[in-house]
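Colleague: I would like to see how this sequence folds:
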Amino acid sequence: MKVELFDFHLPEELIAQVPLEHREQSRLMVLDKETGAIQHEIFKDITEYLQPGDCLVLNDTRVLPARLYGSKEDTGANVEVLLLKQEEGDAWETLVKPAKRIKEGTKIVFGDGKLTATCTDVLDHGGRVLAFAYEGIFYEVLEELGSMPLPPYIKEQLEDKERYQTVYAKERGSAAAPTAGLHFTEQLLEGIKEKGVHIAFITLHVGLGTFRPVSADDVDDHEMHAEFYQMTEGTARLLNEVKANGGRIITVGTTSTRTLETIASKHDGLFKEESGWTSIFIFPGYQFKGIDAMITNFHLPKSTLIMLISTLAGREHVLHAYETAVKEKYRFFSFGDAMLIK
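Modeller: Below is the predicted model:
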């Protein structure tokens with residue numbers, strides 16, 4: 001299957017650069033996956049499309065302020081560091097700019113010496129392993145010195161770091177936000193619970209690979225990045241009960257979807273407590289085993305994310321919906337509007 005089949009024209013001015021003042025005031029496109037019928041709503045009205053006995057599955061990962069600006073200790077040259085993955089102890093796999101300046105043994109200083117890092121390894125893909133030194137608690141130092149690793153298509157500065165976190169973000173570890181969840185407020189979630197809809201949490205730490213374009217011409221040749229996921233025993237039990245009672249499992253975002261499908265694929269459509277790394281790649285031809293519906297944002301052309309939603313709703317339905325979204329001037333990507341595929 002050719003990657004070109006998932007292309008569409010997106011005017012640059014439709015890429016949302018800043019979040020709306022009120023999270024729940026985003027627009028919501030409702031797409032019927034069977035018929036392709038489209039309705040236009042406001043996100044706060046999502047409750048009308050949820051039924052008692054359904055279960056909404058949210059990813060409670062928290063984005064690390066993982067971009068650090070420092071300087072080489074010996075020359076004072078500016079260095080930008082992006083934390084990717086924690087290795088052992090205080091060692092992290094990172095991306096560094098400009099990479100050629102950072103060799104094994106190079107020391108980088110951040111925040112007038114509150115945080116330092118020494119390069120201990122140069123990786124094949126150009127990354128660097130940095131060993132950090134600091135006083136106190138690493139994540140508190142990071143909150144003070146780090147900035148949000150916003151996607152490359154967002155050029156504006158973010159005034160409030162919390163607007164790139166969901167209101168239920170808890171488990172630190174993501175390099176990017178699970179953006180479909182950014183539309184929820186605590187009040188909206190309370191209203192959903194009051195209707196008799198269950199809410200379950202999983203964790204998947206979003207990696208930067210989520211923004212990586214598909215460089216292969218053929219979908220089969222694309223290699224997915226691996227991301228860490230976790231499901232608790234309580235969530236697994238709740239999801240199995242909802243399924244047994246005929247309720248729908250509605251994932252919020254592609255990250256929740258990939259987690260549930262990873263687990264359900266191993267256990268004949270059921271859920272179990274487990275954690276691990278997933279590189280599941282969902283594209284047309286895949287049969288869903290865990291979910292019934294999903295809430296998602298509008299994605300990049302030719303991305304693995306648009307392939308995933310095309311698998312759930314059909315490629316032609318999705319491309320028609322995206323054509324409609326462009327015509328109706330929906331806002332795209334991380335700070336953009338939402339779609340419910342039901």
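
Colleague: ok, now which ones touch the nearest residue to R163 once chain neighbours are set aside?
Modeller: Counting by Cβ to Cβ, 6 or more residues apart in numbering, P19 is the residue found nearest to R163 once chain neighbours are left out, at 4.6 Å. Any C-beta I mention is one placed from the backbone N, CA and C, and that applies to glycine too. Applying Cβ atoms under 8 Å, 6 or more residues apart in numbering to P19 gives the contacts 163-164, 182, 335.

Colleague: again with M294
Modeller: Neighbours of M294 in contact, by Cβ under 8 Å, 6+ apart: 180, 250-254, 256-257, 309, 312, 340-341.

Colleague: Could you list the low-pLDDT ranges of the protein?
Modeller: Counting by pLDDT under 70, the chain has low-confidence residues at 210-212.

Colleague: And the helices in it?
Modeller: For the chain, applying DSSP state H gives helices covering 138-145, 186-194, 233-244, 254-266, 304-313, 315-327.

Colleague: Give me the distance from stretch 34-44 to the chain's centre.
Modeller: Stretch 34-44 sits 22 Å away from the centroid of its parent chain (Cα atoms, centre = their mean, to the nearest Å).

Colleague: which one among the contacts of M294 gets closest to H222?
Modeller: The shortest gap between H222 and any of the contacts of M294 belongs to T254, at 15.1 Å (Cβ to Cβ).

Colleague: okay, now the closest one: neighbour count?
Modeller: Number of residues near T254 (other Cβ atoms under 10 Å) recorded here: 27.

Colleague: wait, doesn't it sit right on G181?
Modeller: No. T254 lies out of contact with G181 (Cβ atoms under 8 Å); the separation is 11.2 Å.

Colleague: H40 pairs with what?
Modeller: Using DSSP bridges, the bridge partners assigned to H40 are M29.

Colleague: In contact with it, which residues?
Modeller: Taking Cβ under 8 Å, 6+ apart, one finds 27-30, 328 in contact with H40.

Colleague: Only the buried subset of those residues, as a ChimeraX command please.
Modeller: In ChimeraX, this line selects whichever of the contacts of H40 come out buried by 16 or more other Cβ atoms under 10 Å:
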select :27,28,29,30
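
Colleague: And the contacts of M294, which of them are buried?
Modeller: 180, 250-254, 256-257, 309, 312, 340-341.

Colleague: Got the domain ranges for the chain?
Modeller: Residue ranges for the domains of the chain, per automatic domain parsing: 3-63+160-341, 67-145.

Colleague: Tell me who's in contact with I192.
Modeller: Applying Cβ under 8 Å, 6+ apart, one finds that I192 lies in contact with 46-47, 50, 56, 199.

Colleague: Go again with 6 Å.
Modeller: Contact analysis of I192 by Cβ atoms under 6 Å, 6 or more residues apart in numbering lists T47.

Colleague: what's the distance between it and E13?
Modeller: Separation of I192 from E13 (Cβ to Cβ, to the nearest Å) stands at 33 Å.

Colleague: ok so, going back, switch the contacts of H40 over to a markdown table; also include distance to G36.
Modeller: Formatted as a markdown table, the contacts of H40 follow (distance: Cβ to Cβ, whole Å):
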| residue | distance to G36 |
| --- | --- |
| R27 | 19 |
| L28 | 17 |
| M29 | 12 |
| V30 | 12 |
| E328 | 16 |
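
Colleague: Do a quick rundown of the strands in the stretch 1-150 of the chain.
Modeller: Remark: strands assigned in the stretch 1-150 of the chain by DSSP state E, counting those that start in this stretch are 27-31, 38-42, 55-59, 61-63, 67-72, 78-86, 91-97, 107-110, 115-122, 128-134.

Colleague: any idea which of those strands is most buried?
Modeller: A comparison of the strands of the stretch 1-150 of the chain by mean neighbour count, using mean count of other Cβ atoms under 10 Å, puts strand 55-59 on top with a mean of 26.

Colleague: same for that one, what does it pack against?
Modeller: strand 198-204, strand 249-252, helix 254-266 (3 or more Cβ pairs under 6 Å, 6 or more residues apart in numbering; DSSP states H and E).

Colleague: ok, back up a step: quick check: the farthest pair among the contacts of H40?
Modeller: Spatial extent of the contacts of H40 (Cβ to Cβ) is set by the pair V30 and E328 at 13.0 Å.

Colleague: quick revisit: show me the one of the domains of the chain that comes nearest P152.
Modeller: Distance to P152, taken as Cβ to Cβ, is lowest for domain 3-63+160-341 among those, at 6.6 Å.

Colleague: and the spatially most central residue of the chain, what is it in contact with?
Modeller: Note on the chain: the residue nearest the mean C-alpha position is P178, at 3.2 Å, using Cα atoms, centre = their mean. Contact analysis of P178 by Cβ under 6 Å, 6+ apart lists 59, 206, 253, 255.

Colleague: just F201 next, same as before
Modeller: Shown in contact with F201 (Cβ under 6 Å, 6+ apart): 58, 60.

Colleague: Give me the nearest residue to A66, chain neighbours excluded.
Modeller: If the residues on either side of it in the chain are set aside, A66 comes closest to L83, at 4.0 Å by Cβ to Cβ, 6+ apart.

Colleague: How about that neighbour: which residues does it bridge to?
Modeller: L83 forms beta bridges with T94, as assigned by DSSP bridges.

Colleague: Spatially nearest residue to L130, not counting backbone neighbours?
Modeller: Nearest residue to L130, sequence neighbours excluded (Cβ to Cβ, 6+ apart): A117, at 4.0 Å.
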